[in-house]
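[1] Build the 3D model from these lines:
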Amino acid sequence: MRGSTLIGDLGGTNLRLALTDGESLRSERAFKTAEHQGFEVALEVFLEGIPQPEWPRNAIVAVAGPVSGDRIRLTNCPWQFSRDAVRERFGWNRFGLMNDFAAVAAALPHFGEDHLDAVQTGIEVARRPKLVLGPGTGLGVGAAVPSGEDWHVLDGEGGHATLAASNEAEADLIAHLRQRLGHVSAEDVLSGPGLVNLFGAIAERDGLDPEPATGEEVVERLDREGCPAAREALDRFASFFGTVAGNAALTAGARGGVYLAGGVLQNLGERFRADLFRAAFNAKGRMRAYLETVPVYRITHPEPGLFGLQALARG
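    The predicted model follows:
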């Protein structure tokens, strides 16, 4: 596979790597970041299984954090590395880096119906911005905007925008969170750790034991015990997510569609309250009619970041 490109999706919890010629993927592997000392170590392990003649000549990697300068630091993972040092160590001609949700945004124009489930039907306006949001270890936000015949990908740190309340009950929960966290961002509730924060605020409000330590445990308490606090945490999650997504859609003018991704949604499955999400998404006063026409999709593709990087590698 001479001339192939290595593509990688580096999140707070997982690193996914593959080789591509732009049309298909080969040698896909996943690594837990907690099980390896750093990015370069994981790359060495991956490349050990690749015959030397097939080693990639270029690489594109998406990382869960801001990309600026030579030194890359992840937001929710202790890994850090030098872009130049990695490129030189592995002999790549080019080493592209981008935010992880910029990679997902690059996939948006290429998804087919088999990669999407409708959360809200609407009218997709051709050649208008497309927006993606994804709760996982953190909250990723990205967009694809038309540029001539192509698409330009925008990344940012929208997950760290201040979380807003839509009613008194939400304001009360945010007040509890503010006592512990100081600034309360969207990511502080719309992520795996955010589910724990939500449960803790509800437990504190109601005088309960904030036992769960992970988002998965919050979901397990609902499944195992029918826990009312866990049920409320998931309901509040859906409503807060709708509010944040609606705000972002208005800001971006995302009439090309809003797309939902992330490991938390995959884990929730049918437990995700799409009805509460839609109600909060559209609750924007005189802009309700605008938002009700915006299609919202849940991405079902198993590796949307790699899919986007594959599309970029074609270019």
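[2] Spell out the residue ranges of the helices in the stretch 51-200 of the chain.
    Ranges of helices in the stretch 51-200 of the chain, per DSSP state H, counting those that start in this stretch, are 83-90, 100-107, 168-181, 192-206.
[3] Redo those helices as TSV? Include distance to residue 53.
    (C-beta placed from N, C-alpha, C; glycine too.) Output for those, formatted as TSV (distance: least, C-beta to C-beta, whole Å):
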stretch	distance to residue 53
helix 83-90	15
helix 100-107	28
helix 168-181	52
helix 192-206	41
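[4] winner for burial among those helices?
    helix 100-107 (a mean of 30; mean count of other C-beta atoms under 10 Å).
[5] Residue 105 versus the most centrally placed residue in the chain, what's the distance?
    With distances taken as C-alpha atoms, centre = their mean, the residue of the chain nearest its centroid is residue 134 (3.2 Å). Here the criterion is C-beta to C-beta, to the nearest Å. By it, residue 134 lies 10 Å from residue 105.
[6] and what of residue 91?
    29 Å.
[7] what's the answer for residue 245, then?
    Taking C-beta to C-beta, one finds residue 245 at 14 Å from residue 105.
[8] what's the answer for residue 129, then?
    Residue 129 sits 10 Å away from residue 105, going by C-beta to C-beta.
[9] which neighbours do these two share?
    143-144 (C-beta atoms under 8 Å, 6 or more residues apart in numbering).
[10] pLDDT at the nearest residue to residue 234 once chain neighbours are set aside, what is it?
    Spatial nearest neighbour of residue 234, excluding adjacent residues (C-beta to C-beta, 6 or more residues apart in numbering): residue 271 at 6.0 Å. In this model, residue 271 is scored at 95, pLDDT.
[11] my read: residue 80 touches residue 71, true?
    Yes - counting by C-beta atoms under 8 Å, residue 71 is a contact partner of residue 80 at 6.6 Å.
[12] which neighbours do residue 134 and residue 105 share?
    With the criterion set as C-beta under 8 Å, 6+ apart, the contacts of residue 134 and residue 105 do not overlap.
[13] For burial, what's the neighbour tally of residue 126?
    By the measure other C-beta atoms under 10 Å, the count of residues near residue 126 is 7.
[14] Pull the contacting residues for it.
    Per C-beta under 8 Å, 6+ apart, neighbours of residue 126: residue 256.
[15] Now it: phi and psi?
    phi -60, psi 140 (degrees, to the nearest 10).
[16] Model confidence for the residue nearest to the centre of the chain, exactly?
    pLDDT at residue 134 comes out at 94.
[17] before we move on, what about the one 3 residues further on?
    Residue 137 is assigned 85 on the pLDDT scale.
[18] one step back: any chance of the helices of the stretch 51-200 of the chain in CSV with distance to residue 287 and mean pLDDT as columns?
    Compiled in CSV, those are given as follows (distance: least, C-beta to C-beta, whole Å; pLDDT from 0 to 100):
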stretch, distance to residue 287, mean pLDDT
helix 83-90, 41, 95
helix 100-107, 23, 92
helix 168-181, 19, 96
helix 192-206, 26, 95
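[19] Now the lengthiest helix in the chain: buried residues?
    Across the chain, the longest stretch assigned as helix under DSSP state H is helix 228-252. Applying a neighbour-count criterion of 16 or more other C-beta atoms under 10 Å, the buried positions in helix 228-252 are 229-234, 236-249, 252.
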